[in-house]
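>>> Next comes the sequence, and after it the predicted model I'd like to discuss.
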Amino acid sequence: MNDDIFQGYKGTALEILKKYNVRVWGQAVISTTRGTFNGTVLPRSENDDDKHIVLKIPTGYNIGIDTDTITDMKEVGYKKANYKIPEKEFPTTPGLPKVKLLGTGGTIASRLDYRTGAVIPAFSPGELYGAVPELADICNLSTEKLFAVFSENMGPEQYKKLAIAIGKEIENGIDGIIIGHGTDTLHYTAAALTFMVQNSPVPIVLVGSQRSSDRPSSDAALNLMHAATAAGHGDIAETMVCMYGPTSDEYGFLHRGTRVRKMHSSYRSTFRTIGDTPLATVTRAGVKPIKTEYNHRRKDRNVNILPYYEEKVAMLYYYTNMQPDMIDSLVDNGYKGIIIIGTGLGHVNKPIYPAIERAIAKGVAIYMTVQTLWGYVHMFVYDTGRDLMAKGIIPAENMIPETAFIKLSWALGQTSDLEKVKEIMLTPINDEITKREPYNGYLIYQGGVPEIEAFIKKHHK
């Protein structure tokens, strides 16, 4: 058998496949000392070991079978998989809202590359209809692929291009906008678009997925349906993040773009509103507001596009025994703004005070946020905080650090006048600063406690 049909296999695993005449993409029954398994033999990553054969079992999950446990293998069929979904022309239904999907990449538009084992941006936005035909029942969808990048590669160039594209779509009469985006930095983009696209008459919904489209537990399809519902039929005309609410498939949350954060590396319900409640829940049946105050959908085409950004801004997460050269190096490299993520109510150690003084003397804007995420900066409570304010550090109230970072970048992109920057930073645009945090805006439960376990059994995770 030719080696080119054993994609990625080497060493012991390759010899096992050759011994039993089983090919990659072959449907195989594998007998082992731990039982019998059946499924499709998948290619191996180039960087993986030679001790396992990867099998996609009927449930859709992949398992690795240790070659040392294999006693017999038999190929019972063969069909090479095609993981590329063909594009289909989206049908137009009179009476349904017009929604534009702007694609940027990310897991919601991705597939698994079995050669490398990596999830890669591969589906163009036009292919999404082929994957989620239910979208045609919700809206008349048009698509445009602006980028095809992982979310860690999103930055000011993409933020500005998105803002301008959104402005053009609104001007052209679109009823709602969806932005397909990787989840890792989705909350940064949500904050950036909140500041760059103001007074929108239509919903702007950022959506992603935690699990790629070829996995049976993928949240991509349902998140897209929820986003399309919110963009096309919802009344909330703001920049929002749409992702799973509970870990079940029952409903999604709509989070305000300035108060949302990714809080778990792999849960589908990873996004949480910080210091407040979500804006709404969403199902395919519609949007149900949680908050009573929000910007309502309008029929006009008025919107303010403000695509400003200063790249020389940094976030500095304070840690014990931080040395002054951490700040000095930023100043020496021309940084114009620093968001410090301080301890407690907004504190750092005294050894870096001189570096802070040097930075502020050179016109660097420095704002304080808190590592706790929930709660406000209160620098007037202890001497440390009062000393830092006296040196020129400005409390950022209850802004989430990432939101403060984006807003300072946006503010410094407009002006170098630090008083004007301060006015911009401390003037709320869309709840990045709130007057108070509601009693139910901070709910973190720990398992093991009897009353919490009883609550969890009665309610959703």
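Everything's here; your move.
>>> Low-confidence ranges, the stretch 51-200 of the chain, go.
81-88, 106-107, 109-126, 128 (pLDDT under 70).
>>> Can you show me the helices along it?
Taking DSSP state H, counting those that start in this stretch, the helices of the stretch 51-200 of the chain run over residues 128-131, 156-171, 186-196.
>>> How about the stretch 251-400 of the chain?
Listed in chain order, the helices of the stretch 251-400 of the chain (DSSP H, counting those that start in this stretch) span 325-332, 353-361, 383-391.
>>> Can you lay out those as a markdown table showing distance to residue 90?
For every residue, glycine as well, the C-beta is placed using N, CA and C. Output for these, formatted as a markdown table (distance: least, CB to CB, whole Å):
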| stretch | distance to residue 90 |
| --- | --- |
| helix 325-332 | 48 |
| helix 353-361 | 52 |
| helix 383-391 | 55 |
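>>> Please tabulate those helices in a markdown table, including the columns distance to residue 284 and mean pLDDT.
Listed next are the helices of the stretch 251-400 of the chain as a markdown table, based on distance: least, CB to CB, whole Å; pLDDT from 0 to 100:
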| stretch | distance to residue 284 | mean pLDDT |
| --- | --- | --- |
| helix 325-332 | 47 | 98 |
| helix 353-361 | 51 | 97 |
| helix 383-391 | 48 | 94 |
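>>> Let's have those in a markdown table, adding mean neighbour count and distance to residue 245.
Output for these, formatted as a markdown table (neighbours: other CB atoms under 10 Å; distance: least, CB to CB, whole Å):
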| stretch | mean neighbour count | distance to residue 245 |
| --- | --- | --- |
| helix 325-332 | 16 | 39 |
| helix 353-361 | 17 | 41 |
| helix 383-391 | 16 | 37 |
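>>> So which of those helices is nearest residue 222?
Of all those, it is helix 325-332 that lies closest to residue 222, at 42.1 Å by CB to CB.
>>> Dump that closest one to PDB, restricted to CA.
Extracted C-alpha coordinates of helix 325-332, given in PDB (Å, rounded to 0.1, in the frame of the first residue of the first chain):
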ATOM      1  CA  ASP A 325      11.700  49.100  34.600                       C
ATOM      2  CA  MET A 326       8.300  47.600  33.600                       C
ATOM      3  CA  ILE A 327       6.900  51.100  33.300                       C
ATOM      4  CA  ASP A 328      10.100  52.800  32.200                       C
ATOM      5  CA  SER A 329      10.400  50.400  29.300                       C
ATOM      6  CA  LEU A 330       7.000  51.300  28.000                       C
ATOM      7  CA  VAL A 331       7.800  55.000  28.300                       C
ATOM      8  CA  ASP A 332      11.200  54.500  26.600                       C
END
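>>> What helices and strands are in contact with it?
strand 313-317, helix 353-361 (3 or more CB pairs under 8 Å, 6 or more residues apart in numbering; DSSP states H and E).
>>> would you turn the ones you listed into CSV with distance to residue 26?
Formatted as CSV, the helices and strands packed on helix 325-332 follow (distance: least, CB to CB, whole Å):
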stretch, distance to residue 26
strand 313-317, 50
helix 353-361, 63
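>>> And the ones you listed: which comes nearest residue 370?
Nearest to residue 370, of all the helices and strands packed on helix 325-332, is strand 313-317, at 11.1 Å by CB to CB.
>>> in that closest one, what's buried?
For strand 313-317, burial by neighbour count (16 or more other CB atoms under 10 Å) applies to 313-316.
>>> Hmm, residue 143 is touching residue 104, no?
No - in this structure, residue 143 is not within contact of residue 104 by CB atoms under 8 Å, at 11.8 Å.
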